[in-house]
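Whatever this is, show me its structure:
(2 chains, ligands or ions: 1)
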Amino acid sequence: MRLRLSDEDATFRAELREFFTTKVPQQIRDTVAARRHLTREQLVESQRILNAAGLAVPHWPVEWGGRGWTELQRHIWHEEMQRACVPPPLAFNASMVGPVIATFGSQAQKERFLPATANLDIWWSQGFSEPDAGSDLASLRTTAVRDGDEFVVNGQKTWTTLGQYGDWIFCLVRTDPDAPKKQQGISFLLIDMTSPGLEVRPIQLIDGGREVNEVWFTNVRVPVENLVGELNHGWDYAKFLLGNERVGVAPVGASKRVLADAKDWARSVDLLGDPLVATRFVELENELLALELTALRVAANSADGKPDPASSVLKLRGTQLQQDVSELAMDLAGPDAAASFAGDRSEAPEWARMSTPVYLNLRKASIYGGSNEIQRQIIAKTILGL
Amino acid sequence: MDFTYDAEPVALRDAVRALLGKTYGDYENRRRIVAAEPGFDEDVWRRLAEMGVLGLPFDEADGGSGAGPVEVAVVAQELGRVLAPEPFVSAVVEAGGLVAAVGTAAQRAEVLGSLSAGERVLTLAHAEPGSRWVAPAAAVVATGQGDRWVLSGTKEPVVHGARADQLVVSAALPDGGTGLFLVDGSAAGLRREGYPLVDGGRAARVTFDGTPAQPLGEAVDRTAEIERVLAAARVISANEALGTMDVALDTTVGYLKSRKQFGVTLNHFQALTFRAADMYVSLETARSLVAWASMVLAEDPDQVVDAADRAGLKVARAGRHIGQEAIQLHGGIGMTAEYSIGAYTAHLTTLEQLHGNGHRHASALAATVADHGEVDPLA
Ligand SMILES: Cc1cc2nc3c(=O)[nH]c(=O)nc-3n(C[C@H](O)[C@H](O)[C@H](O)COP(=O)(O)OP(=O)(O)OC[C@H]3O[C@@H](n4cnc5c(N)ncnc54)[C@H](O)[C@@H]3O)c2cc1C
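Here you go, the predicted model:
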């Protein structure tokens, strides 16, 4: 057991902190600090800065831009990025499709897609969920039928986050409707979103924003070379991807930062000395500390590259705490929290105006990435053997 | 930062687990032992001494084995796993810890030597009626000078206060501050009324009436040392609670897999398995925080008070959660004294009462929450 970072890791941390706080434009970091939505341009600019410095996809294989860091170093990278209000690299690219292509894709696919994916030259969308296939993802119905050198895709995906910006979409499609098990007839397909027959329709969410979409496929023709790995083995790749996704969706560093900012907000409305408020800060701070330490512990266990089932703990607890922090911020804002859409001429401070949309928006966190009920199911079955 | 144990603590854990398992692996046996006086097994105590466990944190020059908090924490986890009632934390961590911190060389050699050898059971008499885990003493007053001191007043609850051969006693000094004294179990004017605790442990009301006492080191203010040792004991008892919670969850999971109702085992009911999953989340997040606090105790003892409050708060919350759910998921049998699970909950409850409950830790942390932005465990 050792408490301290090694000198090497301490230097590593200091260098990253320096980079994140000086090389990523202040105006992007201010947007994150204010909890406003980032534009496509801001996200692309930020990821390219990271990528140029080798900081966008450090967990990929070294030949495709990975850094061969230890799990602890990866953790430090992730925490420091959030701490400095730097938007993490687009998850669809960096954590989802990139590792799948790097692990299961052909050499041609790697060469074609990986550099562009790391640099966000291609913006990927995730086409997994369908109207009737949510938690029970394997019941998906979008079909891909082979026709010569192409697949013909028909069906509908939904909840596609930021699909309005998407250049490409990675999809789970049914290629064998007669397979004995529904998991067996699924393939992993890369689809150009400019293809004829593909249509993106926005869905408005409860915070007023439009971050998710429906994606419709009508006879969309996809070259067979865009199949990843083997036909009808897509479910294996999807499980690999979802395991990685779970680790990334516990934004402990961001929750810690918002909680620290919320102390200033509480001070500004003279509530930090209120014992009820102070206690909420204490409890959240302590739970976040316990979770951060758990992330460090789990990171050490997943050194063989496979996600530890305990990553379900991170997802479950991380999203609960993210939601709890947003709830505290809204409570601190009091009636100013109602002025969400008042605009910048409002007397209500921006943090207070943002607090309600953020609170409502974050209800999503316990639904996506494998809902928290599904995480409990994984813990109960895989870890506890129940 | 590294959460894995080196080979030595792992070997120690295995040895202690094997030793304790012989006596306490059978829950019926544990019930028999805690039902009789002195409430623990003197033979187990001797064997722990033979293994060097009772002298773990002390210098070899003082008769100890020169190990550190990580080893002490590992032992506490094992005690917690089987609800071993031996007075390890009160004797070794609290009383022994104060002797090591402020005793003269002669006191350290004599007291810690005989404690490590298992010849003498020590305890700390610090809590006072109405006091709430604070470092200063008020209800026991010391008078005297030089080497000739007497104590008067009452301490309660004193863990194993009736059995202890020697007591480390905190007392208000004539010129202010809190001093520390050694009192023999056979001293004149010492009255000890022992009673069982709800988890099968023992405590006593200890009354001093002009009782002769020997200053531990010098009779000067030791509030800071007491605060540190109480914090260390909080971290070690958090480890003990961790062992207890670990087995409480295991036992509950086993029960869900074997108990049948409505023609199926209970693990067919998601309403129950989800609650077990939440218990696991509490346990694992507590494990991380307790491991961290143990490392702080080992490597950065100046920060131990804050780390102990944090570990204490987390374990208090997790202990309530796991303890309450463990009983509920067992149904009626969880209420019985014959079956182990209720005793696990009782032990978690008692640990909190002896070392500080969640309310105490939260309010201690609330006093400083405005002083910092983030808590950075890697700093
Ligand atoms: C904002 C947002 C963004 C998203 N982005 C994307 C995206 O980019 N790409 C994509 O593919 N998908 C995306 N998703 C979809 C997300 O993955 C699904 O919403 C999720 O898998 C849950 O499916 P569902 O919404 O159909 O709910 P359902 O599966 O219908 O679940 C309804 C409720 O029942 C519970 N439940 C379901 N099954 C069980 C069970 N077996 N046991 C106990 N409880 C159960 C659920 O936890 C939930 O509480 C997004 C969702 C949201 C809200």
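
Any buried residues in stretch A:45-57, and which?
Across stretch A:45-57, burial judged by 16 or more other Cβ atoms under 10 Å in any protein chain shown covers A:Glu45, A:Ser46, A:Gln47, A:Arg48, A:Ile49, A:Leu50, A:Asn51, A:Leu55, A:Ala56, A:Val57. C-betas here are computed from N, CA, C, even on glycine.

Please tell me the pLDDT value assigned to A:Pro251.
Residue-level confidence at A:Pro251 comes out at 83, pLDDT.

brain fart, A:Gly243
So, for A:Gly243, pLDDT stands at 76.

Could you list every helix and strand in contact with whichever strand or helix holds it?
Secondary structure from DSSP states H and E places A:Gly243 in helix A:234-248. In terms of contacts (3 or more Cβ pairs under 8 Å, 6 or more residues apart in numbering or on different chains; DSSP states H and E), helix A:234-248 is packed against helix A:98-104, strand A:168-174, strand A:186-192, helix A:311-333.

out of these, nearest to A:Gln82?
A:Gln82 lies closest, by Cβ to Cβ, to one member of the helices and strands packed on helix A:234-248: helix A:311-333, at 11.3 Å.

wait, does that closest one contact chain B?
Yes - residues of helix A:311-333 are located near chain B by Cβ under 8 Å from any Cβ of the partner chain, namely A:Val313, A:Leu316, A:Arg317.

What is the neighbour count of residue 37?
Picked chain A for this. 15 (other Cβ atoms under 10 Å in any protein chain shown).

wait, chain B
With other Cβ under 10 Å as criterion, B:Glu37 counts 11.

Tell me the residue in the chain that is farthest from the middle.
Just going to use chain A. Ranked by distance from the centre of chain A (Cα atoms, centre = their mean), the top residue is A:Gly148, with 36.0 Å.

Not quite, go with chain B.
Outermost residue of chain B (Cα atoms, centre = their mean): B:Gly263, 43.0 Å.

Pull the contacting residues for the closest residue to A:Ile383 other than its chain neighbours.
Counting by Cβ to Cβ, 6 or more residues apart in numbering or on different chains, A:Ile383 lies nearest to A:Pro309, which is 5.2 Å off, once chain neighbours are set aside. Shown in contact with A:Pro309 (Cβ atoms under 8 Å, 6 or more residues apart in numbering or on different chains): A:Ile378, A:Ile379, A:Thr382, A:Ile383.

where's the residue farthest from the centre of chain B relative to the ligand, distance?
The gap separating B:Gly263 from the ligand is 21 Å, by Cβ to the nearest ligand atom, to the nearest Å.

likewise B:Ala277?
Where the ligand is concerned, B:Ala277 sits at a distance of 11 Å (Cβ to the nearest ligand atom).

Now name the helix or strand holding that residue.
Counting by DSSP H and E, B:Ala277 is part of helix B:270-299.

which stretches of the stretch 1-150 of chain A have low pLDDT?
Within the stretch 1-150 of chain A, no stretch falls below the threshold (pLDDT under 70).

what are the ranges of the helices in it?
Taking DSSP state H, counting those that start in this stretch to define them, one finds helices in the stretch 1-150 of chain A at A:7-23, A:26-33, A:40-52, A:71-83, A:91, A:98-104, A:107-118.

what does the longest one contact?
The reference is to helix A:7-23. A:4-5, A:29, A:49, A:53, A:55, A:72-73, A:76-77, A:80-81, A:83-84, A:86, B:1, B:378.

Going by neighbour count, list what's buried in it.
Those would be A:Asp9, A:Phe12, A:Arg13, A:Leu16, A:Arg17, A:Phe19, A:Phe20, for helix A:7-23 by 16+ other Cβ under 10 Å.

That helix: how far from the chain's middle?
Distance of helix A:7-23 from its chain centroid, counting by Cα atoms, centre = their mean, to the nearest Å, is 23 Å.

just the angle between it and helix A:71-83, please?
Angular relation of helix A:7-23 and helix A:71-83 on a 0 to 180 degree scale: 30 degrees, by axes from the mean of the first three to the mean of the last three Cα atoms, to 10 degrees.

then helix A:7-23 to CSV, C-alphas only?
Extracted in CSV, the C-alpha atoms of helix A:7-23 (Å, rounded to 0.1, in the frame of the first residue of the first chain):
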residue,chain,number,x,y,z
ASP,A,7,7.8,11.3,-8.3
GLU,A,8,7.2,10.3,-11.8
ASP,A,9,3.4,10.3,-11.5
ALA,A,10,3.5,13.6,-9.6
THR,A,11,5.5,15.2,-12.4
PHE,A,12,3.1,13.6,-15.0
ARG,A,13,0.2,15.2,-13.1
ALA,A,14,1.8,18.6,-12.9
GLU,A,15,2.6,18.6,-16.6
LEU,A,16,-0.9,17.6,-17.6
ARG,A,17,-2.3,20.3,-15.3
GLU,A,18,-0.1,22.9,-16.9
PHE,A,19,-1.1,21.7,-20.4
PHE,A,20,-4.9,21.6,-19.7
THR,A,21,-5.0,25.0,-18.1
THR,A,22,-2.8,26.8,-20.6
LYS,A,23,-3.2,25.2,-24.0
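
Before I go, just wanted to say thanks for your time.
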